[in-house]
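# quick one: sequence plus predicted model below, questions after.
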Amino acid sequence: MRDRFVALLVFGLVAGCAAQPPAPAPTPPPPPPRPSPNVYYYPLQGQTAEQQDRDRYECYLSARQRTGFDPSVARPDRPPVRVVAVPPPGQDVLAGAATGAVIGAVVSQPWETAEGAAIGAAAGAVLGAVSASSREQQAERVQAAKNQERSQADGQTDAAILAYRNAMQACLEARGYSVR
């Protein structure tokens, strides 16, 4: 019986080690820079400052109407950051082991209380490790879905910015400006 107790105790300790956080995954390369709605133009035909302002404003109106994108409107490109509390690594294993030990001691025969507690602790540690792993997998799935959603929104915004820039460039070039 003592050998069985020692084996279960070792099993519980090994199961507890399994719940340690995994090695960090390699970080992906940073995303390419997002396009800027800024359009830089230089007069080629000696336009006055007033003429430049008028041309810029008229081209802005034209590009906005053609593309539906308005760089002067604040866009909620980034949702607010949420901070969510989670238990520290190993917490589920520890709680599972403690709960299992108490239950194992309570349901065992009076002369086998220590053995019942050890068996319960081992089983609880395993269940705690499974719970922690499940929570981490769920968090990874949620994060992947959020990243996909953000990527699609960024792609749509980037396309609108590029269309706006192209419309501004065409309008300003037609009015005698060099555009970069």
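Looks like it arrived, so ask away.
# which parts of this structure are helices?
Ranges of helices in the chain, per DSSP state H, are 2-18, 49-67, 91-107, 113-174.
# tell me which residue lies farthest from the centre of this structure.
Distance from the C-alpha centroid of the chain peaks at Trp111, with 52.1 Å (C-alpha atoms, centre = their mean).
# for it, give its distance to Ala105.
Distance, Trp111 to Ala105, by C-beta to C-beta, to the nearest Å: 12 Å. The C-beta positions use only the backbone N, C-alpha and C, and glycine is treated the same way.
# mind listing what the nearest residue to Leu162 once chain neighbours are set aside touches?
Residue nearest to Leu162 in three dimensions, not counting chain neighbours: Pro35, with 5.6 Å by C-beta to C-beta, 6 or more residues apart in numbering. Applying C-beta atoms under 8 Å, 6 or more residues apart in numbering, we find Pro35 in contact with Asp158, Ile161, Leu162, Arg165.
# show me the shaky parts of this structure.
1-25, 75-87 (pLDDT under 70).
# for Cys171, give me its contacts.
Neighbour list for Cys171: Glu58, Cys59, Ser62, Ala63 [criterion: C-beta under 8 Å, 6+ apart].
# again with Val179
Per C-beta under 8 Å, 6+ apart, neighbours of Val179: Val39, Tyr40, Tyr41, Tyr42, Met168, Gln169, Leu172, Glu173.
# ok, Gly120 next?
Gly120 neighbours (C-beta under 8 Å, 6+ apart): Thr99, Gly100, Ala101, Val102, Ile103, Gly104, Ala105, Val107.
# in JSON lines: the helices of the chain, plus distance to Pro28.
Converted to JSON lines, those look like this (distance: least, C-beta to C-beta, whole Å):
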{"stretch": "helix 2-18", "distance to Pro28": "27"}
{"stretch": "helix 49-67", "distance to Pro28": "31"}
{"stretch": "helix 91-107", "distance to Pro28": "28"}
{"stretch": "helix 113-174", "distance to Pro28": "10"}
